[in-house]
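Participant: okay, here's the prediction I keep looking at, along with the sequence it came from:
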Amino acid sequence: MKIIHITVKSPFLLFIAALLITHLSKSTAIIPQQLVRGFTANPNPTVTNFQPLLNDSTGNFSLSFLRVNQDQLALAIVHVASGEPLWQANSAELAQWGEHTQLVFNGSFVISDHGSRVLWSTNTDGDRVVLTSAPNLQILKGEKSPSLLWQSFDFPSNTLVENQNFTSDMSLVSSNGVYTMRLGPDFIGLYAKFKHIGSDPSQIYYRHRAMQAKVNIVEGRGPILVRISSDGFLGMYQNGSTPADIQSFNSYQRSAPAPRRVRIEDDGNLKGYYWSGSSWVLDYQAISETCELPSLCGLYGLCRSGVGCSCLDNQTQTQTQTQNQTQSQQCYPNQEIGDLCSVKGNKFWELRKTGVELPYKELMSYVETASYEQCEKSCHMNCTCWGILYNNASKFCYNVDYPIQTILEVGHESKMGYFKVWEGAKKKKDKRLWIGIGLLCGAMILVGLVVGFGGYKLWKRKKRVNNRILEEEHINAPGPYKDLGSSSFGSIELSNR
């Protein structure tokens, strides 16, 4: 290491040199590749995106304080080049980005607020922390043959990375907390939290069963697991290295830069990406048809394939959609009640629509009824029912026991729907209507004032013109000398000659 000797005689230059050395030392601060007992860190108020605390050996990943919603903090493993979090500590409450928040390693990783309130902890007794290039955060015990006490691979957030085993004991949860990926005995399932509190909180809306082309999944031989392969597929395994099922990515068996990852998005889709060196490239999506997403158009929304979103009751308020992001506005306000049974008097109003069905009806339970009227009646009398979808051809009656999400427009008159809307939503809607009427009346009054003021100015101008004409006529009329204008003096002089 080359040592630079600086001799400065002037106090002013000495001050400048000290500032320069301090700045250089901060800008070239070395991020450690290992943390030991006694480590503490506080968020830097000047950081706007993420604050690195621990790097992997390649420098591609960093355990960091990640800014969330401007004033909150999450402990995350960040892909440095993109700033994209690949893992976040599953704390029930996010810490504040402030001086009172502290991360400590005392054998356990602990995030605390105001020095005493623990927001998240690994509950371990380790000696050091490392971040592998997988990336996998690990707490180790011992030096020569360290034992693994805890790893982030066992506690995924919303993302699964390459070569990470995802088991039936785990779940991926979207960042908005609505959608979840879990494993069944022989399938991958996506679930949504649409139902009211007190019942099963999750509604399955996507299921991919193992094809079992090469290996059969045998009941009793242990649970299945899912793993992303570097060859570009999502594989399903049971007690072996040969997959029982693969879901191929677009880059299947083609060379693609690492890392690869799969994430459950805030719209409920499961998508795969790889890092191209400059951006994340979409490589896979479980649900390719956007109208089949569970709530693309929001509450009481209607989705038409290739067209987009509208509302079940044909309101003028609509939504727009893009390939990668949904920009939606609810047709009705979010339901503020757990279920219709908790509302005194069970007050609701009704919507009926033909040519509609559920986007994931094959995963919904149903009963057979002789007629649509019988199907509707079964829901009308049941306070846990928010609506029904009926197929007049099959006589299948699908019961929806949660506030109505996006419904598909299919155009077949034999497919009918009946939907309940909590009366409170109608009142809010009426409030918006009265606001609109008030604004319209205000605009009409303003236009009236403008027109009236313009008419007044026109009347005044016309009055001035009429007065001028009268004055001119009065001047030219015969009369006494004092009524003549100054222009008359010439004519008077001529008449005296």
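Facilitator: All right, it came through fine. Residues are numbered from 1 along each chain as shown.
Participant: for the chain, give me the ranges with low pLDDT.
Facilitator: The chain contains residues with pLDDT under 70 at 1-29, 115, 196-201, 315-330, 333-339, 342-346, 424-445, 447-497.
Participant: next, the buried residues of the helix or strand that contains residue 150.
Facilitator: Taking DSSP states H and E as the criterion, residue 150 maps to strand 147-151. For strand 147-151, a neighbour-count test (16 or more other CB atoms under 10 Å) marks 149-151 as buried. The way it works is simple: take the backbone N, C-alpha and C, and place the C-beta from them, glycine included.
Participant: swap in stretch 224-237?
Facilitator: 224-229, 231-237.
Participant: same question, stretch 376-385
Facilitator: With the criterion 16+ other CB under 10 Å, stretch 376-385 contains buried residues 376, 379, 385.
Participant: endpoints of it, how far apart?
Facilitator: Distance between the two ends of stretch 376-385: 10 Å, counting by CA to CA, to the nearest Å.
Participant: so which of the buried residues of stretch 376-385 would you say is closest to residue 355?
Facilitator: Residue 355 lies nearest to residue 376 out of those, by CB to CB, at 16.1 Å.
Participant: the residue lying closest to that closest one once chain neighbours are set aside: how many residues sit nearby?
Facilitator: Spatial nearest neighbour of residue 376, chain neighbours left out: residue 418 (4.5 Å); criterion: CB to CB, 6 or more residues apart in numbering. Residues lying near residue 418 (other CB atoms under 10 Å) number 22.
Participant: export the buried residues of stretch 376-385 to JSON lines and tack on distance to residue 44 and secondary structure?
Facilitator: Converted to JSON lines, the buried residues of stretch 376-385 look like this (distance: CB to CB, whole Å; DSSP: H, G, I helix; E, B strand; the rest coil):
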{"residue": "376", "distance to residue 44": "60", "secondary structure": "helix"}
{"residue": "379", "distance to residue 44": "56", "secondary structure": "helix"}
{"residue": "385", "distance to residue 44": "53", "secondary structure": "coil"}
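Participant: what's the helix or strand for the residue most central in space within the chain?
Facilitator: For the chain, the residue nearest the mean C-alpha position is residue 266 (4.9 Å; CA atoms, centre = their mean). Counting by DSSP H and E, there is no helix or strand that carries residue 266.
Participant: do residue 302 as well
Facilitator: With DSSP H and E as the test, residue 302 turns up in strand 301-304.
Participant: list the pairing partners of that strand within its sheet, with orientation.
Facilitator: If you go by DSSP bridges, strand 301-304 pairs up with strand 308-311 (antiparallel), strand 407-409 (parallel).
Participant: who are the packing partners of the following helix or strand past the last one?
Facilitator: Past strand 407-409, heading to the C-terminal end, the next element that is a helix or strand (DSSP H and E) is strand 415-422. Under the contact definition 3 or more CB pairs under 8 Å, 6 or more residues apart in numbering; DSSP states H and E, strand 415-422 sits against strand 348-354, strand 356-357, helix 372-380, strand 387-391.
Participant: residues in contact with strand 415-422: which ones?
Facilitator: The contact list for strand 415-422 (CB atoms under 8 Å, 6 or more residues apart in numbering) reads 300, 312, 332, 335, 337, 340, 343, 347-357, 372, 375-376, 379-380, 385-392, 400, 404, 407.
Participant: and the strand holding residue 302, C-alpha only, in PDB?
Facilitator: The C-alpha coordinates for strand 301-304 follow below in PDB (Å, rounded to 0.1, in the frame of the first residue of the first chain):
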ATOM      1  CA  GLY A 301     -64.500  -4.800 -12.500                       C
ATOM      2  CA  LEU A 302     -65.200  -6.300 -15.800                       C
ATOM      3  CA  CYS A 303     -62.400  -7.500 -18.100                       C
ATOM      4  CA  ARG A 304     -62.800  -8.100 -21.900                       C
END
